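>>> Next input, structure requested:
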Amino acid sequence: MKHFQMWSVAAAAAVLTACGGGGGGNAFLPIVAPTATAPAATTPETPAPSSLREPAMVATTFTAAQINGATSASGLQALSGKAKCDVKLVPIHYNTIGVKGEPANASGVLLLPAGACASTAAPLLAYARGTEVSKSRTMANPQDGETQLLLAMFAAQGYAVVATDYLGYARSTYAFHPYLHADSEASAVVDSLRAARLAATSQGALLSGKVMFTGYSQGGHSSMSAHRAAERDNAAEFNVVAAAHLAGPYYLSNTLRSTDAIAGYQIFVPFLVNSYQKVYGDVYANTSVVYQDAYTSAAYDTKFGSIADLLPSPTLSYTTLVTSGAVPGANGETPAQARDALFQPAFMSRVQTDKTSTLYLAAKKNDLLGWSPKASTLLCGGAGDPTVPPAAHMVPLMADFQARGVTTVTSLDVDSQIQATYGPGGAAPTDPASPDFAAYYGKYHGTYEPPFCLLAARTLFNTLK
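I've put the predicted structure just below:
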């Protein structure tokens with residue numbers, strides 16, 4: 001469920017490349033000076049419960065020519081197309097609620113079409129990012145690769161895009177990030193829409209009133225949670241016309257009961273376990289029940305702090321979490337070996353076999369089966385994804401929709417495109433001992449899968465914008 005750190009596309013194949021590291025890396029778009037003086041602060045009507053905590057001001061403007069130059073040089077233009085609009089980057093800091101409904105705050109970014117598109121009313125697209133381990137990362141960073149992708153793929157094509165940093169990241173002072181907690185993901189995203197409307201008004205931008213949702217990986221879970229909440233609880237406020245939920249872990253309880261370990265298990269599952277402990281308070285009595293002694297020792301706490309508070313981290317990245325020894329995996333362990341090195345076997349056995357396990361019950365509360373989208377909805381994923389396997393999430397979710405007669409949802413498996421584009425000889429490698437196997441599946445979720453699903457999302461949105 002790792003997010004995309006750095007985006008580039010090989011011109012011939014429209015290849016989207018994700019690199020490890022911390023939030024942004026080298027930008028493929030040139031950074032330009034902030035625009036001139038921002039508009040005078042206004043006092044627009046504030047839709048409850050969200051409001052801006054400070055005036056929304058333009059940080060940077062990218063011209064269509066700059067965007068085209070950058071996407072042409074990187075090869076992204078083969079996927080994004082040429083920019084139709086300039087884009088204003090507007091950081092937002094807004095009020096939202098926490099897991100108990102208590103007041104909280106979050107930050108994010110609003111990308112506004114401008115220039116030739118300034119007089120055209122734009123649909124408002126809420127985007128939810130994937131799993132992030134770095135606490136400081138913000139989507140309002142103009143050098144952030146994922147932000148730049150949204151800018152090129154959507155904002156420069158006439159969409160107003162708002163992307164939240166979630167609770168517990170960047171400017172949010174919330175005490176923790178409620179990872180894969182559906183209700184707080186939903187409120188963070190829905191309140192970002194409210195804040196975006198206020199920010200757009202303060203900038204004189206025109207919005208059409210149409211609302212769309214999308215997100216990738218954790219963001220697929222978040223965007224679906226927000227989509228569900230918007231239609232269920234806020235139908236009079238939001239005209240939701242479309243959604244595309246991409247490679248999301250929609251069936252969490254199913255994953256936890258599986259004896260197969262997903263790629264990145266030693267990062268994603270402790271994040272989930274500790275999050276649900278903080279949200280519900282009954283997942284474990286103490287960390288030694290969950291984790292092997294090496295990860296609950298005084299020496300570990302001295303070096304890293306309690307494993308209960310490891311993520312998100314103010315200092316560690318995906319790479320250094322492993323190389324520092326904060327989680328296992330530095331010696332080339334398989335996902336199953338890393339899982340078994342980290343977790344107590346009795347704890348894992350109970351989660352996998354006992355449906356009264358408190359962790360299983362917490363995950364079940366955050367499964368996303370059993371609801372019926374009203375707007376046109378796309379599910380997208382790749383069958384070979386080792387991190388969020390569609391067989392464990394998208395396939396049973398689609399089956400649930402179909403069993404209940406839901407006709408608004410379609411699904412797309414992009415595995416054949418991934419194999420044809422990236423597989424040696426046009427096919428997925430089959431020898432687990434080969435370098436090709438490790439390279440292919442190591443890049444599948446974070447690099448190979450996203451461009452095909454994002455393009456499918458935009459194709460749907462373009463029919464309804």
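>>> List the residues that contact Arg339.
261, 265-266, 269, 348 (Cβ atoms under 8 Å, 6 or more residues apart in numbering). (Each C-beta comes from the backbone N, C-alpha and C, glycine too.)
>>> Same question for the helix or strand containing it: list its buried residues.
Using DSSP states H and E, Arg339 falls within helix 335-342. Residues of helix 335-342 classed as buried: 335, 337-342 (neighbour count, 16 or more other Cβ atoms under 10 Å).
>>> do stretch 52-60 as well
The neighbour-count check on stretch 52-60 (16+ other Cβ under 10 Å) flags 52, 56-60 as buried.
>>> how far out from the middle of the chain is stretch 445-463?
Distance, stretch centre to chain centre, for stretch 445-463: 14 Å (Cα atoms, centre = their mean, to the nearest Å).
>>> which SSE is Thr255 in?
Applying DSSP H and E, one finds Thr255 within helix 252-257.
>>> from the buried residues of stretch 52-60, which two are the most distant?
Maximum pairwise distance among the buried residues of stretch 52-60 (Cβ to Cβ): 18.6 Å, between Leu52 and Thr60.
>>> Look at Ala294 and say how many residues are nearby.
12 (other Cβ atoms under 10 Å).
>>> wait, Asn234
16.
>>> hang on, isn't it packed against Val190?
Yes: counting by Cβ atoms under 8 Å, Asn234 touches Val190, with 6.7 Å between them.
>>> residue boundaries of the helices in the stretch 251-400 of the chain?
Using DSSP state H, counting those that start in this stretch, the helices found in the stretch 251-400 of the chain span residues 252-257, 265-280, 287-290, 298-304, 318-323, 335-342, 345-353, 358-365, 394-403.
>>> Gly98: which of those helices is closest?
helix 265-280 (9.6 Å).
>>> Poorly predicted segments of the stretch 301-450 of the chain, please.
For the stretch 301-450 of the chain, applying pLDDT under 70 flags no range at all.
>>> repeat that for 90
Applying pLDDT under 90 to the stretch 301-450 of the chain flags residues 447, 450.
>>> Tell me the bridge partners for Met111.
Rather than Met, residue 111 is Leu. Beta-bridge pairing for Leu111 (DSSP bridges): Leu89, Val161.
>>> hmm, back to that, with distance to Thr320 and neighbour count added, can I get the contacts of Arg339 in a markdown table?
Formatted as a markdown table, the contacts of Arg339 follow (distance: Cβ to Cβ, whole Å; neighbours: other Cβ atoms under 10 Å):
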| residue | distance to Thr320 | neighbour count |
| --- | --- | --- |
| Ala261 | 21 | 19 |
| Tyr265 | 18 | 24 |
| Gln266 | 14 | 25 |
| Val269 | 19 | 24 |
| Met348 | 25 | 19 |
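>>> quick one: which of those residues is nearest Pro429?
For the contacts of Arg339, the nearest to Pro429 is Ala261 (19.8 Å; Cβ to Cβ).
>>> Only the buried residues of stretch 218-231, if you could.
In stretch 218-231, counting by 16+ other Cβ under 10 Å, buried: 218-231.
>>> mind listing which of the residues you listed are in helices?
Among these, the residues falling in helices (DSSP state H) are 218-231.
>>> now for the strand or helix carrying Ser192, which elements pack on it?
Secondary structure from DSSP H and E places Ser192 in helix 182-202. With contacts defined as 3 or more Cβ pairs under 8 Å, 6 or more residues apart in numbering; DSSP states H and E, the packing partners of helix 182-202 are strand 86-97, strand 103-114, strand 122-128, strand 160-164, strand 207-216, helix 218-233.
>>> Alpha carbons of that helix, in CSV - could you do that?
What follows is helix 182-202, C-alpha atoms only, in CSV (Å, rounded to 0.1, in the frame of the first residue of the first chain):
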residue,chain,number,x,y,z
ALA,A,182,-12.9,4.0,7.2
ASP,A,183,-14.9,6.7,9.1
SER,A,184,-11.9,9.0,9.8
GLU,A,185,-10.6,8.5,6.2
ALA,A,186,-14.0,9.5,5.0
SER,A,187,-14.3,12.6,7.2
ALA,A,188,-10.8,13.8,6.2
VAL,A,189,-11.6,13.5,2.5
VAL,A,190,-15.1,14.9,2.7
ASP,A,191,-14.0,17.8,4.8
SER,A,192,-11.2,18.4,2.3
LEU,A,193,-14.0,18.9,-0.3
ARG,A,194,-15.7,21.5,1.9
ALA,A,195,-12.4,23.3,2.5
ALA,A,196,-11.6,23.1,-1.2
ARG,A,197,-14.9,24.8,-2.1
LEU,A,198,-14.1,27.6,0.3
ALA,A,199,-10.6,28.0,-1.0
ALA,A,200,-11.8,28.0,-4.6
THR,A,201,-14.3,30.7,-3.8
SER,A,202,-11.6,32.8,-2.2
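>>> What angle do helix 358-365 and that helix make with each other?
40 degrees (axes from the mean of the first three to the mean of the last three Cα atoms, to 10 degrees).
>>> contacting residues around His227?
His227 neighbours (Cβ under 8 Å, 6+ apart): 213, 240, 243, 245, 373, 375, 377.
>>> State the distance from it to Leu359.
26 Å (Cβ to Cβ, to the nearest Å).
>>> now do Gln417
From Gln417 to Leu359 the distance is 36 Å (Cβ to Cβ).
>>> and those two? which has more neighbours close in?
The neighbour comparison of Gln417 against Leu359 (other Cβ under 10 Å) goes to Leu359, with 25 against 18.
>>> So for the helix holding Ser192, what gets flagged as buried?
182-200, 202.
>>> ok, how many other residues are close to the nearest residue to Asp413 once chain neighbours are set aside?
Closest residue in space to Asp413, ignoring its immediate chain neighbours: Ala383 at 5.4 Å, by Cβ to Cβ, 6 or more residues apart in numbering. By the criterion of other Cβ under 10 Å, Ala383 has 16 neighbours.
>>> Then the one 4 residues further on?
When counting by other Cβ under 10 Å, one arrives at 22 neighbours for Thr387.
>>> Would you confirm that it contacts His445?
Yes: contact criterion Cβ under 8 Å: Thr387 and His445 qualify, at 4.0 Å.
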